[in-house]
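Engineer: Attaching a predicted model along with its sequence, questions to come.
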Amino acid sequence: MLQLEHFHFDLDFEYPFTTHKGTKTCQPTLVVSLGLGALRGYGEAPAINYYNVTVEGMQAVLEKNRNMIQRYALTDPQRFWHFLHHLIPGENFLIAALDIAGWDLFAQIRRQPLYHLLGLKWENMPLTDYTIGMGSAAEMVTKMNAHPWPVYKVKMGRPDDIDLLRALRANTDKPFRVDANEGWTFEEAKALLPELQRLGVTLVEQPLDRNAGEEMKALKRISPLPLFADESCREEKDVQKCMEGFHGINIKLTKCGGITPAVRMIKEAKQLGLKVMMGSMNESTIGSAAIAHLSPLLDEMDADGPLLLKEDVAEGLKYDNGAVLVNNRPGLGVRFWGGKRLKTTA
């Protein structure tokens with residue numbers, strides 16, 4: 001019988017984190033634990049208000065379904081995901097946390113690092129970016145200079161944010177990625193993209209509203225930069241829809257429901273000729289480790305959650321000039337502290 005535990009943390013950001021969708025100073029997150037004997041597998045789901053997901057809501061669903069989950073015989077993580085998908089339909093964030101924990105526990109049972117259990121070799125991993133949230137030019141330059149990194153993601157939401165990008169460019173020669181979080185109109189994006197290219201931007205995430213399908217198709221035809229879907233690509237059913245409007249997709253484990261559907265999405269995207277990024281929802285080391293174990297499958301990676309947070313709940317993941325390094329302990333390889341701690345190292 002599985003032993004289920006869950007924990008609520010509010011993890012402070014190093015800096016207030018501002019995007020087109022708002023500002024937050026801490027990241028509420030749910031950590032779940034699935035135990036079998038002496039082994040414990042861990043998963044994480046950060047709460048995101050614009051998806052109407054709260055930690056308290058996820059915990060309530062967990063308690064309502066505690067007995068069913070604990071009675072499940074974990075013989076195959078993929079079957080466990082299908083069980084959860086039918087038990088708590090529509091609860092993708094919570095399903096993701098449980099799915100990650102299930103994979104972590106199962107890999108420990110098999111005494112293998114998760115990436116090895118998934119049949120992957122630890123090679124050809126992309127570097128992760130470091131995200132610069134919106135703010136004044138001085139604030140954004142300060143954040144960037146405090147975190148020397150080989151590639152930066154810059155949050156934008158207004159056409160005049162191009163001046164902020166120019167200020168950043170004056171202080172680094174490193175490549176930029178831009179994430180508009182649905183913040184531009186078609187005409188704004190059309191005018192901005194050539195200038196972004198001149199400023200050393202290598203890709204743009206979600207320039208238009210996720211419902212602007214026809215405009216995205218038109219924008220893709222004229223864009224000098226690769227366009228990646230984020231809000232337009234939540235679940236498996238969205239992958240094929242993104243093919244005509246984007247050059248790639250950004251998969252979020254929490255949005256799609258965990259590792260199990262993410263692997264299927266990656267496979268489908270590559271068959272359709274789409275590039276694949278996996279993105280952060282400001283997860284701690286636990287959720288970020290799950291992303292890292294899938295990194296051999298990715299073209300781009302945004303797994304900088306622990307770099308943005310002032311606090312963490314586990315150890316087992318290292319960052320080295322953009323490289324995200326897991327250890328070779330079984331499962332995710334993380335050690336949960338049972339509480340949050342201030343970080344002492346980057």
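Structural biologist: Thanks, I have it.

Engineer: now the strands: where do they sit in the stretch 101-250 of the chain?
Structural biologist: Here the stretch 101-250 of the chain has its strands, by DSSP state E, counting those that start in this stretch, at 130-132, 152-155, 176-179, 201-205, 227-229, 248-251.

Engineer: could I get those strands as a markdown table with mean neighbour count?
Structural biologist: Backbone N, C-alpha and C define where each C-beta goes, glycine included. Listed next are these as a markdown table, based on neighbours: other C-beta atoms under 10 Å:
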| stretch | mean neighbour count |
| --- | --- |
| strand 130-132 | 24 |
| strand 152-155 | 23 |
| strand 176-179 | 24 |
| strand 201-205 | 23 |
| strand 227-229 | 25 |
| strand 248-251 | 26 |
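
Engineer: nearest to residue 44, of those strands?
Structural biologist: Residue 44 lies closest, by C-beta to C-beta, to one member of those: strand 248-251, at 15.8 Å.

Engineer: Show me the contact partners of that closest one.
Structural biologist: 203, 205-206, 226-230, 233, 238-239, 242, 262, 265-266, 269, 274-279, 299-300, 302 (C-beta atoms under 8 Å, 6 or more residues apart in numbering).

Engineer: Can you say which of the strands of the stretch 101-250 of the chain is nearest to residue 79?
Structural biologist: Closest among the strands of the stretch 101-250 of the chain, using C-beta to C-beta: strand 248-251, at 21.5 Å.

Engineer: Quickly run through the sheet partners of the closest one, with directions.
Structural biologist: strand 227-229 (parallel), strand 275-278 (parallel) (DSSP bridges).

Engineer: could you redo those strands as JSON lines and give each row distance to residue 113?
Structural biologist: Output for those, formatted as JSON lines (distance: least, C-beta to C-beta, whole Å):
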{"stretch": "strand 227-229", "distance to residue 113": "28"}
{"stretch": "strand 275-278", "distance to residue 113": "17"}
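
Engineer: Distance to residue 322 and mean pLDDT for those strands - can I get that in JSON lines?
Structural biologist: As requested, the strands paired with strand 248-251 are exported to JSON lines (distance: least, C-beta to C-beta, whole Å; pLDDT from 0 to 100):
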{"stretch": "strand 227-229", "distance to residue 322": "18", "mean pLDDT": "98"}
{"stretch": "strand 275-278", "distance to residue 322": "14", "mean pLDDT": "98"}
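
Engineer: Just tell me which of those ends up closest to residue 131.
Structural biologist: strand 275-278 (12.9 Å).

Engineer: on that earlier part again, minimum distance to residue 12: which of the strands paired with strand 248-251 has it?
Structural biologist: With C-beta to C-beta as the measure, strand 275-278 is the member of the strands paired with strand 248-251 nearest residue 12 (24.4 Å).

Engineer: and the next element down the chain from the closest one?
Structural biologist: helix 285-293 (DSSP states H and E).

Engineer: contacts for the helix or strand following that following helix?
Structural biologist: Per DSSP H and E, the first helix or strand lying C-terminal to helix 285-293 is strand 300-301. Identification of contacts with strand 300-301 by C-beta under 8 Å, 6+ apart yields 125-129, 177, 203, 228, 248, 275-278, 291, 295, 324.
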